[in-house]
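K.L.:
Quick one: sequence and predicted model below, then my questions.
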Amino acid sequence: MNDEPIRIVAAAIADDEGRTLLVRKRGSDTFIQPGGKREAGEHARATLERELAEELGVRLEPAALRFLGSYEEEAVNERDRRVRADAYLVRIDGEPVAGAEIEEIRWLDPLPPYEVPVAPLSALRILPALRAALSAPEGPGGVSTTGPATVAVAAALSLAK
């Protein structure tokens, strides 16, 4: 087992009905947050913009970025590996559609039990953080839950890098 975790960007999108968007990559049965790895020298914000555009055809609204926390769990698409993510709550512009390596997108209730298999990183870490953030009152720099869509995004490296 490789001890170094895979560092990724991952997104969980909440709509106005309180559902969250998960994706299933080609060749996988498990649903995860949309996202991927940072490119060399790329800042987290740029990674979020690129990944959301590639995988879902949407744009990130950069003014609405809010850090949720750092999370690590067992990877579902790479055997004997762990995945590490820094989560951000952001807003998007556009209607998500499957693109890049995404086979399927699905809107789900963010509360378990889930109707499809959900990755541990999503089920145990990111979705609980998303639920907590969406139930908290909006503060300075916060993200409104009344917009067209709200996104929780996990990024491998902090915005400071």
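P.N.:
That came through, no problem.
K.L.:
name the helices or strands packed onto the longest helix along the chain?
P.N.:
Secondary structure of the chain per DSSP state H: the longest helix is helix 44-56. Contacts defined by 3 or more Cβ pairs under 8 Å, 6 or more residues apart in numbering; DSSP states H and E place helix 44-56 against strand 9-14, strand 20-25, strand 35-36, strand 59-74, strand 82-93, strand 102-108, strand 150-155. For every residue, glycine as well, the C-beta is placed using N, CA and C.
K.L.:
For the nearest residue to L68 once chain neighbours are set aside, grab the count of nearby residues.
P.N.:
Here the nearest residue to L68 in space, its sequence neighbours aside, is A87; by Cβ to Cβ, 6 or more residues apart in numbering that works out to 3.8 Å. Residues near A87, counting by other Cβ atoms under 10 Å, number 25.
K.L.:
now do the one 3 residues further on
P.N.:
Residues within reach of V90, counting by other Cβ under 10 Å, total 23.
K.L.:
Where does pLDDT dip in this structure?
P.N.:
Low-confidence segments of the chain, defined by pLDDT under 70: 1, 12, 62, 138-161.
K.L.:
what do you get if the cut-off is 50, keeping everything else the same?
P.N.:
Applying pLDDT under 50 to the chain flags the ranges 140-161.
K.L.:
quick revisit: just give me how far the longest helix of the chain sits from the chain centre.
P.N.:
A distance of 10 Å separates the centroid of the chain from that of helix 44-56, by Cα atoms, centre = their mean, to the nearest Å.
K.L.:
Check which residues of that helix are buried.
P.N.:
A44, R45, A46, T47, L48, E49, R50, E51, L52, A53, E55, L56 (16 or more other Cβ atoms under 10 Å).
K.L.:
Looking at these, which one is closest to A63?
P.N.:
R45 (10.8 Å; Cβ to Cβ).
K.L.:
I'd say that closest one and L65 touch.
P.N.:
Yes. With contacts counted by Cβ atoms under 8 Å, R45 reaches L65, the gap being 6.7 Å.
K.L.:
Next up, the contacts around P96.
P.N.:
Going by Cβ atoms under 8 Å, 6 or more residues apart in numbering, P96 touches I13, L21, P34, L56, G57, V58, I105, A149.
K.L.:
so how far is E54 from the nearest residue to E74 once chain neighbours are set aside?
P.N.:
Of all residues not flanking E74 in the chain, P120 sits nearest, at 5.3 Å (Cβ to Cβ, 6+ apart). Distance, P120 to E54, using Cβ to Cβ, to the nearest Å: 24 Å.
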